[in-house]
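> okay, here's the prediction I keep looking at, along with the sequence it came from:
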Amino acid sequence: MNIATSSEPTITVEIDDIQSGALHHRPTPYVGKYVFLRVDDRHAGRDLLRRLLPTIDSGLPTPNPNHDAWVAVAFTWNGLHALGVPQDSLDSFPLEFRQGMAARAEAIGDVGDSAPANWEPPFGTPDVHLAISAIAPDQARLEAALARARTALSERPGVAVIWEQDVHLLPTGRTTLGFKDGISYPSIEGTGIPGSNPQEAPVKAGEFILGYPDETGNLPPMPQPEVLGRNGTYAAIRKLHTRVAAWRQYLSANSASPEEEALLAAKMIGRWPSGAPLVLSPEQDDPELGADYRRNNDFLYRADDDRGFKCPAGAHIRRVNPRDADIIGQTRLHRIIRRGTTYGPPLPEGVLDDDGADRGLIGVFLGAHLDRQFEFIKIDWVNDGNFIGYLGEKDPVAGQTHGTGIMTIPEQPIRRRIQDLPSFVVTRGGEYGFIPGLRALRWLADLET
Ligand code: HEM
């Protein structure tokens, strides 16, 4: 496909063959559901796929409001195996995908409470085969999308629903820790879909979609046959429990006033609760800026805050996307697309005691290279501080700090160093999924092995 008019960007990527959920930003507000399935009989699995196919939208723009809701499907390596994908094709997937996230846990920092031994079933077991997500701007449209998928998902012998998770934007419009999310995302070259930072050039399509050159100028390794790999992408799917009471207790214990507390939390995240970035509003929150999508991600670090006096180099958003920072390596090789959604009830404002409820984030991180995108970010940027010159420091929000975390906050005349950071996030489970293109889905449904 090659659509171009004088006012529109050139579309060079086959967006009509890419799953909408892989390409399009989720709506705000949103409600959604994730479902995991196990395929016990390959013929039943393929039959389910055939019935599911009409419910899966492509990335083509459409004026139909029902299409604000999308259904997407991903497969684990075990799932492809269960569907009867031939062995030479299974062998052509990258090692980390074949192994699955549980096998990579130690390297990516899922240890202690976050170790696979403590994961919520069926995460990390060979039973997770298909992951289906349905996300919509409201309950009515979610129900409509689910109704479309329900016929396909109705229980039949040979296929079983083994896990379900509802997600929703909290009434506050924030995540469980109290911060707005989903602000920063890259533009994918050739899709016509704009990114949120006007200062970031579109990232080569091959960083996110298989079958196109990536930032190195090469085609990313693609599973075979081509019909299966092309227009697909990988997803790291994570259930991340947030320890909100511990977060509030830590902020309160390390601050002398509510204002100091708010500033400390912002220094750890890199943004204020409204989403206003510290780089553009270093002293206090600016809800108008936070709500303005044209301005709330329009900044760089080297140019705007080289020494981190506004946003520390160790802040979550600066670690996971250092933008133009002067660090070793090319930051553009480690971009990911996030499809994060919130689950569980909010912890009421002002409550400092844990109420035992499960709340957090279903994080979905997309890219064509699990190893140098999701895994690299986890290993080198979230759970290591070397790259910013802070040996031994980890991401204060998403890092596995286990009560011994440290974070340096540059300040005049001397820097502040906060200590004894607990882990505020516990991994409840994770899976690597492959999100095939639409032709590939048909190929999978029509397998004759
Ligand atoms: C429960 C754990 C986490 C929480 C509460 C959290 C929270 C946030 C928040 C509030 C933002 C700012 C919103 C935005 O810029 O769009 C953000 C941005 C981001 N997060 Fe996380 N995050 C978590 C885990 C992770 C993990 C594990 C990764 C990577 C593997 C990650 C990668 C990112 C990226 C790439 C951005 C955008 C940064 C930018 O482009 O400036 N996050 N996160």
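Yep, that arrived.
> quick one: the closest residue to residue 205 other than its chain neighbours and the ligand, what's the gap?
Among residues not flanking residue 205 along the chain, residue 212 sits closest, at 3.9 Å (C-beta to C-beta, 6 or more residues apart in numbering). C-beta coordinates here come from the backbone N, C-alpha and C atoms, glycine included. Separation of residue 212 from the ligand (C-beta to the nearest ligand atom, to the nearest Å): 21 Å.
> do the same with residue 334
From residue 334 to the ligand the distance is 9 Å (C-beta to the nearest ligand atom).
> so what's that residue up against?
With contacts defined as C-beta atoms under 8 Å, 6 or more residues apart in numbering, residue 334 is in contact with 372-373, 376-377, 381.
> nearest to the ligand, of these?
Using C-beta to the nearest ligand atom, residue 377 comes nearest to the ligand of the contacts of residue 334, at 4.4 Å.
> part of a strand, is the closest one?
No: per DSSP: H, G, I helix; E, B strand; the rest coil, residue 377 lies outside any strand segment and is helix.
> which residues sit in contact with it?
Contacts of residue 377 by C-beta under 8 Å, 6+ apart are 320, 334, 336.
> export those to a markdown table and tack on secondary structure?
What follows is those, written out as a markdown table (three-state DSSP):
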| residue | secondary structure |
| --- | --- |
| 320 | helix |
| 334 | helix |
| 336 | coil |
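> that older thread, secondary structure class for the residue nearest to residue 205?
Reduced to three states by three-state DSSP, residue 212 is coil.
> so what's it up against?
13, 190, 204-206, 219.
> and which of those is nearest to the ligand?
residue 204 (17.0 Å).
> quick check on the residue of the chain positioned farthest from its centre: phi, psi?
Within the chain, residue 413 marks the point farthest from the mean C-alpha position, 37.6 Å out by C-alpha atoms, centre = their mean. Per-residue torsions, residue 413: phi -80, psi -20 (degrees, to the nearest 10).
> distance of it relative to the ligand?
Taken as C-beta to the nearest ligand atom, the span from residue 413 to the ligand is 29 Å.
> could you do residue 425 as well?
For residue 425, the distance to the ligand - C-beta to the nearest ligand atom - is 4 Å.
> got the phi/psi numbers for that residue?
Note on residue 425: its backbone torsions stand at phi -130, psi 130 [degrees, to the nearest 10].
> quick check, it in contact with residue 243.
Yes: checked against C-beta atoms under 8 Å, the pair residue 425 and residue 243 is within contact range at 7.2 Å.
> these two: which is more packed in?
When residue 425 and residue 243 are compared for neighbours, residue 425 comes out ahead with 25 against 21, by other C-beta atoms under 10 Å.
> spit out the contact partners of the residue nearest to the more buried one when sequence neighbours are not counted.
Nearest residue to residue 425 in three dimensions, chain neighbours excluded: residue 240, at 5.1 Å (C-beta to C-beta, 6+ apart). Under the criterion of C-beta under 8 Å, 6+ apart, the neighbours of residue 240 are 360-363, 398, 425-428.
> closest to residue 106 among the residues you listed?
When these are ranked by distance to residue 106 (C-beta to C-beta), residue 427 comes first, at 12.0 Å.
> mind giving me the packing neighbours of the helix or strand hosting that closest one?
Using DSSP states H and E, residue 427 sits in strand 425-435. If you count contacts as 3 or more C-beta pairs under 8 Å, 6 or more residues apart in numbering; DSSP states H and E, strand 425-435 packs onto strand 70-75, helix 77-82, helix 95-99, strand 233-242, strand 360-367.
> on contacts alone, who are the packing partners of whichever helix or strand comes after the second one?
The element immediately downstream of helix 77-82 (helix or strand, assigned by DSSP H and E) is helix 87-91. When contacts are defined as 3+ C-beta pairs under 8 Å, 6+ apart, helix 87-91 sits against helix 77-82.
> return the distance of the helix it packs on from the chain's centre.
Offset of helix 77-82 from its chain centre (C-alpha atoms, centre = their mean, to the nearest Å): 22 Å.
> send me that helix as CSV with only the CA atoms.
This file holds the C-alpha atoms of helix 77-82, laid out as CSV (Å, rounded to 0.1, in the frame of the first residue of the first chain):
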residue,chain,number,x,y,z
TRP,A,77,5.9,-19.8,21.5
ASN,A,78,4.1,-22.6,23.3
GLY,A,79,0.9,-21.4,21.6
LEU,A,80,2.3,-21.5,18.1
HIS,A,81,3.5,-25.0,19.0
ALA,A,82,0.1,-26.0,20.2
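> any idea of the mean pLDDT for that helix?
For helix 77-82, mean pLDDT is 98.
> check what contacts it and list those residues.
38-40, 42, 45, 89-90, 93, 97-100, 126-130, 432, 434, 444.
> contact partners for the closest residue to residue 417 other than its chain neighbours?
In this structure, residue 417 finds its nearest non-sequential neighbour in residue 408, 5.3 Å apart by C-beta to C-beta, 6+ apart. By C-beta under 8 Å, 6+ apart, residue 408 lies in contact with 312-314, 390, 393, 415-417.
> make CSV out of those and add neighbour count.
Shown next, in CSV, are these (neighbours: other C-beta atoms under 10 Å):
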residue, neighbour count
312, 27
313, 25
314, 27
390, 18
393, 24
415, 12
416, 13
417, 12
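> looking at those, which are in strands?
In strands, defined here by DSSP state E, the members of those are 416-417.
> would you turn the contacts of residue 408 into a markdown table with distance to residue 164?
Converted to a markdown table, those look like this (distance: C-beta to C-beta, whole Å):
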| residue | distance to residue 164 |
| --- | --- |
| 312 | 39 |
| 313 | 40 |
| 314 | 37 |
| 390 | 40 |
| 393 | 38 |
| 415 | 46 |
| 416 | 44 |
| 417 | 43 |
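> ok, the contacts of residue 408 vs residue 325, which is closest?
residue 313 (7.2 Å).
> and the gap between the closest one and the ligand?
In terms of C-beta to the nearest ligand atom, residue 313 sits 13 Å off from the ligand.
> before we move on, what about residue 78?
Residue 78 is 23 Å from the ligand, by C-beta to the nearest ligand atom.
> same thing with residue 264?
In terms of C-beta to the nearest ligand atom, residue 264 sits 15 Å off from the ligand.
> what lies in contact with the one helix or strand residue 260 maps to?
Following DSSP H and E, one finds residue 260 within helix 258-269. Helix 258-269 is contacted by residues 177-179, 247, 251-252, 254-255, 272-273, 278, 284-285, 311-312, 315-317, 396-397, 407, 409, 418 when judged by C-beta under 8 Å, 6+ apart.
> among the residues you listed, which lie within strands?
407, 409, 418.
> can you confirm residue 165 is in a helix?
No: counting by three-state DSSP, residue 165 is located in no helix; its state is strand.
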